Each structure stands twice: as structure tokens, then as C-alpha cells.
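**Student:** Please work out how this folds:
(chains A and B)
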Amino acid sequence: GAVVSQHPSWVICKSGTSVKIECRSLDFQATTMFWYRQFPKQSLMLMATSNEGSKATYEQGVEKDKFLINHASLTLSTLTVTSAHPEDSSFYICSAPAPDYEQYFGPGTRLTVT
Amino acid sequence: DQQVKQNSPSLSVQEGRISILNCDYTNSMFDYFLWYKKYPAEGPTFLISISSIKDKNEDGRFTVFLNKSAKHLSLHIVPSQPGDSAVYFCAASRGSGTYKYIFGTGTRLKVLA
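**Tutor:** All right, here's what the predicted structure looks like:
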């Protein structure tokens, strides 16, 4: 199957700072990637759709100015959590549809804001 | 509003027996359903899917059943193995090509050796 990677796997940042999370498709190109977040013991919630070469589309209730998404190339999407607060602490996962029509998920990034 | 629900947060099954994981949905517009398996600190991995035009799909030890009238689907694992111990998420979407999935809250399966 295809491989999607994320970096970093775990990050701690101070309240008020920004943190960038990278999502890469390693062996295929993805014009679209998706960003999810998961709170403990809860489901994965779709945050936004990252589109290569155009603006991301955000799900209802997700602040686009807080969660900046940039799909810089066909293999890289980044999620920047700006002015992070403790309530932004969560597990962030990206995914990408591969040429086999399946969607592959990255391993996730655990963000802790202190 | 949780459109996809997994009412059992956990399930324990003896090795070799059948594991049945259940999922209910509320949105009648969903027509494509999937099951994902997730280990701690890893992303979900695809297991099996089913389109609303079918009521059953089988892949090895995994079978998914869909009851559209009841808005219910289930995943059967037979026989269960210790390596199946993980969190299982069901997901639903409107169309298989949208890739915008609504996930349930997950069921933690523990297969006892």
C-alpha cells in the first residue's frame, strides 16, 4: 500500500506560539490531502481539505486563520497551528487518496500546548 | 451531532472466536462505508469497505454487513487473533470518491489468547 508520513510525531509548544506539522505522500502524488484531529476517546474529526495549488476548504466550525494549511507540492501539505492554546492540544492526522483509490493515513502528530 | 456512532467503546473476545463490531449512522445520504483499524500512536489503516448497493462484503477473515433500513453496519472477524487487538473505527461518506469520511468514536477490541 501507499505510504503517508507526518513530521513531527510529537511536539510540545508554549501557549501563544505557532507550530507546523508536515504531511508527505512518499510514493505517490496527491492533489488532495485531508487533515483530521482526534481528541482522547473521540472520533477523528475532519478539519479541512488541502488542495494543491489552491486554497484549502475548511469544515464548519474550524477557524481557517488559526489552522493554516498550505499544499505546497503534490507530495506535501502543511498544517500550521497559529497562536496555539492548551485547548488545541490534540492528535492531528493527515490522509491522502492514492492511485489505488484507497485513502491512506499518516501516523499522526501529537501536539501538546503548555 | 454524531452522525456515525459506535456504542460499544470496548469489546473482549477469546482467540479463535468471532468478533462483532457494530456501527450505526443517522444520515441516509451516506452510501459508502469503511472500517479502519488503528494501533496506538499510528494512523488508521484501511480494512474493508462496502457500498450501499451491497449488503455484504467479505475479505478473508473480515466481513462487513450493511442493513440500510436500520442504518446499521457490522464488522465480523472470524477467527479472531491476538494481532487483531486494536481500535476499530467505522466511517461513512457520501460517495466513494469524495474521501471525506465521517468517523465513529471507535471500539477497542481485545482478543485474549
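**Student:** For chain A, give the residue positioned nearest to chain B.
**Tutor:** Using CB to the nearest CB, residue A:105 is the residue of chain A that sits closest to chain B, at 3.3 Å. All C-beta spots, glycine's among them, are computed from the backbone N, C-alpha and C.
**Student:** wait, what's in contact with the most centrally placed residue in chain A?
**Tutor:** Nearest to the geometric centre of chain A sits residue A:35, at 3.9 Å (CA atoms, centre = their mean). By CB atoms under 8 Å, 6 or more residues apart in numbering or on different chains, the contact set of residue A:35 is A:23, A:46-50, A:67, A:69, A:77, A:79, A:92-94.
**Student:** Residue B:9 now?
**Tutor:** Contacts of residue B:9 by CB under 8 Å, 6+ apart are A:41, B:105-108.
**Student:** One more: residue A:99?
**Tutor:** Each residue near residue A:99 by CB under 8 Å, 6+ apart is listed here: A:2, A:28.
**Student:** Check which helix or strand it maps to.
**Tutor:** Residue A:99 is part of no helix or strand when elements are defined by DSSP states H and E.
**Student:** ok, now how distant is it from residue B:50?
**Tutor:** According to CB to CB, to the nearest Å, residue A:99 stands 22 Å off from residue B:50.
**Student:** same thing with residue B:107?
**Tutor:** Residue B:107 is 17 Å from residue B:50, by CB to CB.
**Student:** do residue A:66 as well
**Tutor:** 36 Å.
**Student:** sorry, back to before: you'd agree the residue of chain A closest to chain B is up against residue B:34?
**Tutor:** No. In this structure, residue A:105 is not within contact of residue B:34 by CB atoms under 8 Å, at 11.5 Å.
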